[in-house]
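Trainee: below are the sequence and a predicted model; questions follow.
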Amino acid sequence: MSNNEQYQGNLQYAVDIVLCIDATGSMYPVLDNVKSSALQFHDRLNDVMAKKGKAISQLRLKVIAFRDFGDDPSNAIEQTGFLRLPSQSGDFEDFVRGIDAGGGGDYPESGLEALALAINSPWETGLDRRRHVIVMFTDAPAHPLGTHSSVPSYPAAIPSSLDDLFEQWGYARSQTAVMEQSAKRLVLFAPDQAPWSDPIAEEWDLTLHFASKAGQGLEEFEMDEIIETIANSL
Amino acid sequence: MKKGDVIGGYRLISEPTNANGGKCMWAFAEKDGDQYFIKRFLEPKRPRDDAADSPSVRIRRQLSQEFEDRHRTIMKRLRPDARGGGNLVLATDFFHQGSTYYKVTERIDTSSLEKPQALEPRHKMVLLKTLGNSLKQLHDIEIVHGDLKPLNVLVQKRDGAAFHTAKLIDFDDSYVSGSPPEPDDIAGDSVYGAPEWRRYMQRDGSAGPEHLTCAVDVFALGLMTHVYLTGELPHHDKRYGSPADAVNAGEHLDLDTRLSDEMLGLLRSMTARAPGGRPRMDGFLKALSDPKVCALQHRRPSTAKPKSPSAKPASAKPGSAKPGSAPDTAKPSGPRTSRIKTNLASTPRPRTATPPPEPTRPAAGEAKPAAKPAAPPTAPAPSAPDTAAERPSRVRINLGDRRPRPGSS
């Protein structure tokens, strides 16, 4: 049934998802798995929602592929805008399929810059109820924010510290948050290392951390955790 | 949080998951030879004790205090020794470790019932009565469960027991009747939500906080009763996203006409659009006085009612229900990975007549005074040895004596 045929008084749910994908060389063994899961995400989400008797009125996905500003600033961040699915699924697929694992230099990567960009995304503010979900896939720790801020291509308006980024993430009654408290979720598929396990998973609210083994990729990655995060909160 | 970790003295014996939980992670745990269910809250986060003072830290400390107070208040009001209280799965422990809050309940084995709808009428009646009594205990102290749905009801049959019982879980989104959280924050399920709950979230001006009362649970219980008796939710036109959307639009839900006339009347009133038109729990329990009320019967197809003019044929898109079959909403849950193993799926039923709705019933029974608070809580000391996985900052929040009672059912 199309949206036009639906009763206009139905409760309308909007779901925005930002996928932050580590595209450095160490991710090579698992990047295909992450990409494949991302491409199946829409169908799997719809399937789960249908089984629960639920439906999403509007689904948008945005992808941020990140590497390391300290290694090669020219490809440290590649991203899409929010793409509406299913109507823009072609653009989404083209971008995801084009992500190649490579580079990265030293062990930590620019994951916090990707997270900062995700937090400051142009989230949906309409419809009746919203879910804004950031998903981080990485097998490495992150450089402290600002480490490479002198690089010309470094994104503007990135907070200079993790404390400042935390204030942007926010909490109930926060005056500095840029995300809607009741809508936001952060799902980390990241190693049990700083900054992911502590302080982010430990101190940031509405954050789920599924630890991957540092340096060994994300073999244990499951898309189900993301889908559950969305489907059970609507 | 991972399998093998020891949190607050509880050793996790299953891999933590967020399956069927939107704002928590959970796992099974063991302590002193007993098994538990442990839930990790995703919010709020408690600032570390040594966090430097700042406006941000002050706000977060206040949020944490309010969170602890709310849980204390509700748990003090819920008495495990009250009539029906044995089927409320109450917290046995509530604490924070580091910045994160945890709640612990006894582990309930729910593996003994696959299809409640296949039970004999008398067994269905007992099942519904245990659920109704649990809900009545909440409503008697003006507490709205707020997220009543099959996933929050564990169906259990203990060894040697004659009947299955329904155990009500997850009061973490409960609120005082008429004082719900803000529309953006209120919990609830889009399938089992009441009409006024949906209008409250839509901020259309027709439903304010004062309209969100115990009747919200009664609407959900009406849908669940239909599921338990027939295996399916009531049907509605596919233009509507949920039963509540259909009711808000002025449509009647298409109840299974195999239900007895008494049950059809009861469910009609429980799913009424106006909260005041729904019975209170006394009325629900009184209606379940005879097993015949819970029996299914076959009616003559010639009594079928013409289809509503507003009804449109279902589209034939992949994944949508075939015309005449149960819509997706009739499948209350997908494959389950949680501790709840009840399978309520069934084959679609023939759609025949829908008897005219009975007049809505007046509210039956009045709320009793709030239950006497539990005895002053005592502080259970952690008994399991600390491990490297534990953090030094761990404080238990007293809930009184919430230990599982031997032989509770």
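Mentor: Structure's in. What do you need?
Trainee: tell me who's in contact with the residue nearest in space to the middle of chain B.
Mentor: The centre of chain B sits closest to B:Leu148, judged by Cα atoms, centre = their mean, with a distance of 2.5 Å. Shown in contact with B:Leu148 (Cβ atoms under 8 Å, 6 or more residues apart in numbering or on different chains): B:135, B:168, B:192, B:217, B:220-221, B:224. Every C-beta, even on glycine, is put in place using the N, C-alpha and C of the backbone.
Trainee: could you pull out the helices for chain B?
Mentor: Counting by DSSP state H, chain B has helices at residues B:55-77, B:121-140, B:195-202, B:215-230, B:243-248, B:261-270, B:281-287.
Trainee: dump those helices into JSON lines; add distance to A:Gln88, mean neighbour count and mean pLDDT as well.
Mentor: As requested, the helices of chain B are exported to JSON lines (distance: least, Cβ to Cβ, whole Å; neighbours: other Cβ atoms under 10 Å in any protein chain shown; pLDDT from 0 to 100):
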{"stretch": "helix B:55-77", "distance to A:Gln88": "38", "mean neighbour count": "16", "mean pLDDT": "89"}
{"stretch": "helix B:121-140", "distance to A:Gln88": "45", "mean neighbour count": "23", "mean pLDDT": "94"}
{"stretch": "helix B:195-202", "distance to A:Gln88": "27", "mean neighbour count": "24", "mean pLDDT": "94"}
{"stretch": "helix B:215-230", "distance to A:Gln88": "36", "mean neighbour count": "26", "mean pLDDT": "98"}
{"stretch": "helix B:243-248", "distance to A:Gln88": "28", "mean neighbour count": "26", "mean pLDDT": "96"}
{"stretch": "helix B:261-270", "distance to A:Gln88": "43", "mean neighbour count": "21", "mean pLDDT": "97"}
{"stretch": "helix B:281-287", "distance to A:Gln88": "48", "mean neighbour count": "20", "mean pLDDT": "97"}
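Trainee: for chain A, which segments count as helices?
Mentor: With DSSP H, the ranges of helices along chain A come out as A:28-51, A:89-97, A:111-119, A:162-169, A:202-203, A:224-231.
Trainee: so which of these gets nearest chain B?
Mentor: helix A:28-51 (3.1 Å; Cβ to the nearest Cβ).
Trainee: and that closest one, what does it pack against?
Mentor: strand A:13-22, strand A:58-66, helix A:89-97, helix A:224-231 (3 or more Cβ pairs under 8 Å, 6 or more residues apart in numbering or on different chains; DSSP states H and E).
Trainee: buried residues in the first one, which are they?
Mentor: Which is strand A:13-22. Neighbour-count burial for strand A:13-22, counted by 16 or more other Cβ atoms under 10 Å in any protein chain shown, picks out A:13-22.
Trainee: related to what we said a few turns ago, which one of the helices of chain A lies closest to B:Asp261?
Mentor: helix A:28-51 (32.6 Å; Cβ to Cβ).
Trainee: now that closest one, how far from the centre of its chain.
Mentor: Computed by Cα atoms, centre = their mean, to the nearest Å, the chain-centroid distance of helix A:28-51 equals 14 Å.
Trainee: likewise for stretch A:158-171?
Mentor: 16 Å.
Trainee: can it be said to contact chain B?
Mentor: Yes - shown here: stretch A:158-171 in contact with chain B (Cβ under 8 Å from any Cβ of the partner chain) through A:167, A:171.
Trainee: ends of that stretch, what's the gap?
Mentor: Taking Cα to Cα, to the nearest Å, the first and last residues of stretch A:158-171 lie 19 Å apart.
Trainee: hmm, back to that, nearest to A:Arg129, of the buried residues of strand A:13-22?
Mentor: For those, the nearest to A:Arg129 is A:Tyr13 (5.3 Å; Cβ to Cβ).
Trainee: give me the pLDDT for that closest one.
Mentor: We have a pLDDT of 89 for A:Tyr13.
Trainee: can you give me the distance of it to B:His211?
Mentor: 22 Å (Cβ to Cβ, to the nearest Å).
Trainee: quick one: contacts for residue 13?
Mentor: Let's take chain A. Counting by Cβ under 8 Å, 6+ apart, A:Tyr13 has contacts A:54-58, A:127-131, A:234, B:190.
Trainee: that answer is for a different chain, and I need it for chain B
Mentor: B:3, B:27-30, B:35.
Trainee: hmm, back to that, make JSON lines out of the contacts of A:Tyr13 and add distance to B:Glu262, neighbour count and pLDDT.
Mentor: Output for those, formatted as JSON lines (distance: Cβ to Cβ, whole Å; neighbours: other Cβ atoms under 10 Å in any protein chain shown; pLDDT from 0 to 100):
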{"residue": "A:Lys54", "distance to B:Glu262": "31", "neighbour count": "20", "pLDDT": "81"}
{"residue": "A:Ala55", "distance to B:Glu262": "34", "neighbour count": "21", "pLDDT": "83"}
{"residue": "A:Ile56", "distance to B:Glu262": "38", "neighbour count": "19", "pLDDT": "89"}
{"residue": "A:Ser57", "distance to B:Glu262": "38", "neighbour count": "16", "pLDDT": "90"}
{"residue": "A:Gln58", "distance to B:Glu262": "43", "neighbour count": "16", "pLDDT": "93"}
{"residue": "A:Leu127", "distance to B:Glu262": "41", "neighbour count": "15", "pLDDT": "89"}
{"residue": "A:Asp128", "distance to B:Glu262": "36", "neighbour count": "17", "pLDDT": "89"}
{"residue": "A:Arg129", "distance to B:Glu262": "37", "neighbour count": "21", "pLDDT": "89"}
{"residue": "A:Arg130", "distance to B:Glu262": "42", "neighbour count": "21", "pLDDT": "93"}
{"residue": "A:Arg131", "distance to B:Glu262": "41", "neighbour count": "24", "pLDDT": "93"}
{"residue": "A:Leu234", "distance to B:Glu262": "34", "neighbour count": "20", "pLDDT": "71"}
{"residue": "B:Ser190", "distance to B:Glu262": "30", "neighbour count": "24", "pLDDT": "88"}
